[in-house]
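Trainee: Here is a sequence together with a model predicted from it:
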Amino acid sequence: MKTYLLSVSLLLLGFIACQDNPSQPTFDPSPRIIAVQLPEVAYQFPRNPLGIHVRVEDPQGVENVTGVTLTVRRNNATLATLAMSDDGLNGDILSKDGQFFYPLDSTVTKNQTGQLVFETIAADRDDNVSPARLDTLTILPGNENALPVITALTVPEVIWSDSNYTAQFLATVDDADGIASLDFVRLEIYSAASPTPSLIQTLRDDGQSGDGAAQDGVFGLRFEPSPFKNTRSLLTMILRAVDRAGGVGPAIVRTVKTDLIACQNNRAPVVFDLSAPTTISRSATPNIYLLAISATDPDSACADAVARVFFNSFRPDGTPASGNPFAMRDDGLEGDLRANDKRYSLRIQITSQNQTGTYRFDFQAQDKNGALSSVVTHIINVTP
């Protein structure tokens, strides 16, 4: 009896021990189709073969994959069974990288319309196969429309925005469907940092838009710069050809500058109306003095402006001060009365360390184009 109970106990313990061990996951050595790339819509007669890409992975590495089979069906009827390639040829980019390719042409699609089903299955060297992957493609009747292409473009580098002249745009366009299939060229004009076009224009091939002869594939536009009157800026021009079927060709991008004719000869800024003492004493209290001068730029309407106002100081013996040049302020601080009023100021301090005698101060302004004003010279006598 004791022997029997002991045997039952051991069996029970063995059963419990087996139940406590988690089951190991089942290893699947089959290849897997990770992604399939093909268009959603195609024509019976495509311009170029439809590139179909299939990405495959295998637990033993992609070199273990022997091939991918592509089966094309319509209404459960098999139209074609195709072998995809991973040899780096005929549209496949890299050999043996797990990316399989097939260039599907009109031999499969020419007699079909509607929805086709594409079934892809990958196989490896051990005769393992992946689960089937199903994708669909809709075939439209007829020929695929060829997109128009701008082959030559004439765009002005500069548009003079303070003039009444007319700028000329010309675009030569080609289309495999023939010139008669072309409609127009769309011109989108973007101001700096703008995500949307500020102006949309149309180039025509009608013989009346500065394009020469009508219907010769050369599209023109006489552009009046009134929307950008009196501006100096950079404009981004994006041009696309459009055909009568609504096909839009690739974009051509150009950058055009708007400028003012009156601003082509940069004029120097001017300094005037100096306010400064003529005699100061080292022993005076307080011994801080304010120098101020006005500065303007005649080209301020041309997006030019005064960049800085400064002076150089020279001691009685003619040597320059070690702090030259001294930058003057127009920010309303450190003695400047009002910010951005075009009157520039700087406080100077005289101490017992300064030589007595005649000091020369040369005042100048410089604009953003680097032009310097004439020098305004002022003499200050420093006394004991």
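Mentor: Thanks, I have the structure now. On a predicted model such as this, the values are computed, not experimentally measured, just so you know. Residues are numbered from 1 along each chain as shown.

Trainee: What does Thr71 show for phi and psi?
Mentor: Dihedral angles phi and psi of Thr71 (degrees, to the nearest 10) take the values phi -110, psi 130.

Trainee: Not counting residues beside it along the chain, what's closest to it?
Mentor: Nearest residue to Thr71, sequence neighbours excluded (CB to CB, 6 or more residues apart in numbering): Glu119, at 4.4 Å. C-beta coordinates here come from the backbone N, C-alpha and C atoms, glycine included.

Trainee: was I right about Asn340 contacting Leu333?
Mentor: No: using CB atoms under 8 Å, Asn340 makes no contact with Leu333, being 11.9 Å away.

Trainee: which residues do these two both contact?
Mentor: Residues touching both Asn340 and Leu333 (CB atoms under 8 Å, 6 or more residues apart in numbering): none.

Trainee: returning to what we had before: who touches the residue nearest to Thr71 in this structure?
Mentor: Contacts of Glu119 (CB under 8 Å, 6+ apart): Leu70, Thr71, Arg73, Ala132, Arg133, Leu134.

Trainee: What ranges does the stretch 201-350 of the chain have for its strands?
Mentor: Secondary structure of the stretch 201-350 of the chain (DSSP state E, counting those that start in this stretch): strands located at 218-223, 233-243, 252-259, 270-275, 279-281, 288-296, 306-314, 326-327, 343-349.

Trainee: Pick the most deeply packed of those strands.
Mentor: Highest mean neighbour count of the strands of the stretch 201-350 of the chain: strand 218-223, a mean of 22 (counted as mean count of other CB atoms under 10 Å).

Trainee: Where does the prediction get shaky in the stretch 51-200 of the chain?
Mentor: Low-confidence regions of the stretch 51-200 of the chain, defined here as pLDDT under 70, do not occur.

Trainee: Strands along that one, start to end?
Mentor: 65-74, 77-84, 99-104, 114-124, 133-143, 149-154, 158-160, 167-174, 182-190, 199-203.

Trainee: Output these in TSV; the columns should cover distance to Ala295.
Mentor: Converted to TSV, the strands of the stretch 51-200 of the chain look like this (distance: least, CB to CB, whole Å):
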stretch	distance to Ala295
strand 65-74	75
strand 77-84	74
strand 99-104	66
strand 114-124	74
strand 133-143	69
strand 149-154	43
strand 158-160	29
strand 167-174	36
strand 182-190	35
strand 199-203	37
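
Trainee: Which one, of these, ends up nearest to Ser283?
Mentor: strand 158-160 (61.5 Å; CB to CB).

Trainee: Okay, now the sheet partners of the closest one, with direction.
Mentor: When pairing is defined by DSSP bridges, strand 158-160 lines up against strand 252-259 (parallel).

Trainee: Which residues does the partner strand contact?
Mentor: With CB under 8 Å, 6+ apart, strand 252-259 has contacts from 150, 153, 155-161, 171, 225, 228, 231-240.

Trainee: Can you select the buried ones from the contacts of Glu119 in ChimeraX?
Mentor: Typed into ChimeraX, the line below selects the buried ones among those, using 16 or more other CB atoms under 10 Å:
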select :70,71,133
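
Trainee: and the contacts of Glu119, which two are the farthest apart?
Mentor: Among those, Arg73 and Arg133 lie farthest apart (CB to CB), at 13.3 Å.

Trainee: on that earlier part again, of the strands of the stretch 51-200 of the chain, which is nearest Pro31?
Mentor: Closest to Pro31 of these is strand 114-124 (CB to CB; 4.2 Å).

Trainee: What residues of that closest one count as buried?
Mentor: For strand 114-124, by 16+ other CB under 10 Å, it's Leu116, Val117, Phe118, Thr120, Ile121, Ala122, Ala123, Asp124.

Trainee: how big is the angle separating it from strand 99-104?
Mentor: Counting by axes from the mean of the first three to the mean of the last three CA atoms, to 10 degrees, strand 114-124 lies at 140 degrees to strand 99-104.

Trainee: May I have strand 114-124 as CSV, with CA atoms only?
Mentor: Taking C-alpha atoms only, strand 114-124 is exported to CSV below (Å, rounded to 0.1, in the frame of the first residue of the first chain):
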residue,chain,number,x,y,z
GLY,A,114,-11.3,46.6,-64.3
GLN,A,115,-9.7,45.1,-61.2
LEU,A,116,-6.8,42.6,-61.4
VAL,A,117,-5.6,40.6,-58.4
PHE,A,118,-1.9,40.1,-57.9
GLU,A,119,-0.9,37.1,-55.8
THR,A,120,2.8,36.9,-54.6
ILE,A,121,4.4,33.9,-53.0
ALA,A,122,8.1,33.6,-52.0
ALA,A,123,10.0,30.2,-51.9
ASP,A,124,13.3,29.2,-50.4
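
Trainee: From Gln201, how far off is Leu170?
Mentor: Distance, Leu170 to Gln201, by CB to CB, to the nearest Å: 13 Å.

Trainee: repeat for Val248
Mentor: Taken as CB to CB, the span from Val248 to Gln201 is 16 Å.

Trainee: ok, these two, which is more surrounded?
Mentor: Ranked by neighbour count (other CB atoms under 10 Å), Val248 and Gln201 place Gln201 first, with 17 against 12.

Trainee: now that one, which residues is it bridged with?
Mentor: Counting by DSSP bridges, Gln201 is bridged to Leu187.
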